[in-house]
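Novice: Return atomic coordinates for the entry below.
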Amino acid sequence: MDLIYTEYNPIQHLDSVVRLEQYLWEGFSEEKLKEVFQWKYPDETQIRNAFVTLDGERVVAFRGFFINTYQYNGQTFPVAVLGDAVTDPAYRRRGIFSKLTKHSLNYFQQHGLFAVLALSSNEKSSGGYKKLGWSPFARKRINIHPIWTNIFPFIQRFQKQSENRWRKEGFEIEISNSISELWAERLADYCSSLYQENTITLLKDKHFWLYRYKAPQWSYRFIILSKNDKIRGYACYMESVGQANGIKHVKILDIAASDNSDFNRLIQAIENRVSCRLMLIYSTSLSINEWSRIRKKFPITKYEHNHNASDEVLVKSVCTNMELAKPQLWSLGYVDMDSM
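Specialist: So this is what the prediction gives:
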């Protein structure tokens, strides 16, 4: 029987895909994984973001993407980011996964997608993506900031005093564990004011904020820094444990500020509310201002996999506008690279 390459349908395929994927998600029950995949790959998206290979009615491969909206000088366009992927062990080494990926790209080309980013592939799969036309244009960095207040507790008193001083100066720190409609609108307005021309960046509109941080498998924290009812900066973070070393750390998912002082206030506000000794932020092709702030506050920089191919950010242009595929135009931070 010939294999069929087609769009993923949650009603027909969810149970089979979850069973295929479950061995990759250690510690997740089947019901929890269904919840995650229902969030990641919903049925009502304008552009389909997941595809399957069928042998009869049997799902033998799955390829998922995240469809984000990016902006450039007044234009907005969809960009896909590689997500979950799996092939049934009994069907491997038949070229099925490559054919499924090509089917996905053909679909995206027909539906006006601009490009596909590969941001979290391993060394082996990176080579496969290059054969399929992906090109490297940057390297992922892990930027590390020691949280001195948790290494030397006597510092905490002085740092908390400085936070009290900010409040007397009119600053307000708002904390939340979720994004409400009101917060989504406020953050979207603030992010629109930060956009730099001639740079391709993620469009953080209201829809983005209400969808991106609804992941059922993670717990997020949000901070808004404001003064006189005007936002001066925000940060999104989570506490995590390194898979390789088991070290508990704070992972900054997104951060933006009006100036260097507000950026430092946000970092300090996070430090005052966590128990970890390390803070991490991933970056690759940030704007000069953002990279300057991170470099000063996160003095230790390393690559995740000792400079092998999995550290590379890869891009494949799907549309015909090659001008916008130039690496120097892109500004990517952790929120872009996190495969969720």
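Novice: List the strands paired with the longest strand that the chain contains, with their directions.
Specialist: Longest strand in the chain by number of residues (criterion: DSSP state E): strand 58-72. Under the criterion DSSP bridges, strand 58-72 sits next to strand 50-55 (antiparallel), strand 75-87 (antiparallel), strand 201-202 (antiparallel) in its sheet.
Novice: Of the ones you listed, flag the one that's most buried.
Specialist: Highest mean neighbour count among the strands paired with strand 58-72 (mean count of other CB atoms under 10 Å): strand 50-55, with a mean of 21. (Each C-beta comes from the backbone N, C-alpha and C, glycine too.)
Novice: follow-up on the earlier one: distance from the longest strand of the chain to the middle of the chain?
Specialist: 13 Å (CA atoms, centre = their mean, to the nearest Å).
Novice: what is the mean pLDDT for it?
Specialist: In this model, strand 58-72 carries a mean pLDDT of 93.
Novice: Name the residues of that strand that come out as buried.
Specialist: Neighbour-count burial for strand 58-72 flags 59-68, 70-72 (criterion: 16 or more other CB atoms under 10 Å).
Novice: Same check on stretch 222-242?
Specialist: 222-226, 231-238.
Novice: Return the set of buried residues in the helix or strand harbouring residue 149.
Specialist: Assigned by DSSP states H and E, residue 149 belongs to helix 148-151. Buried residues in helix 148-151, counted by 16+ other CB under 10 Å: 149-150.
Novice: next one: it to chain centre, how far?
Specialist: 28 Å.
Novice: same question, stretch 95-103
Specialist: Per CA atoms, centre = their mean, the centroid offset for stretch 95-103 relative to its chain is 24 Å.
Novice: pLDDT on that stretch, on average?
Specialist: Computed over stretch 95-103, the average pLDDT equals 93.
Novice: just to revisit the earlier point, so which of the buried residues of stretch 222-242 sit within strands?
Specialist: Those of these lying in strands (DSSP E): 222-226, 231-238.
Novice: Tabulate the residues you listed in CSV, adding columns for pLDDT and distance to residue 156.
Specialist: Putting those into CSV (pLDDT from 0 to 100; distance: CB to CB, whole Å) gives the following:
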residue, pLDDT, distance to residue 156
222, 97, 22
223, 97, 18
224, 98, 23
225, 97, 20
226, 97, 24
231, 97, 27
232, 97, 24
233, 96, 22
234, 97, 23
235, 96, 19
236, 95, 23
237, 95, 18
238, 92, 21
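Novice: Residue 200 is in contact with residue 287, correct?
Specialist: No: between residue 287 and residue 200 there is no contact under CB atoms under 8 Å: 11.0 Å.
Novice: the more surrounded of the two?
Specialist: residue 200 (23 against 14; other CB atoms under 10 Å).
Novice: That one and residue 19, how far apart?
Specialist: For residue 200, the distance to residue 19 equals 38 Å [CB to CB, to the nearest Å].
Novice: Same question for residue 318.
Specialist: From residue 318 to residue 19 the distance is 31 Å (CB to CB).
Novice: Which of these two has more residues huddled nearby?
Specialist: residue 318 (24 against 13).
Novice: Could you tell me how far the more buried one is located from residue 38?
Specialist: 26 Å.
Novice: Kindly report the same for residue 66.
Specialist: From residue 66 to residue 38 the distance is 14 Å (CB to CB).
Novice: ok, now residue 296?
Specialist: 41 Å.
Novice: likewise residue 238?
Specialist: 21 Å.
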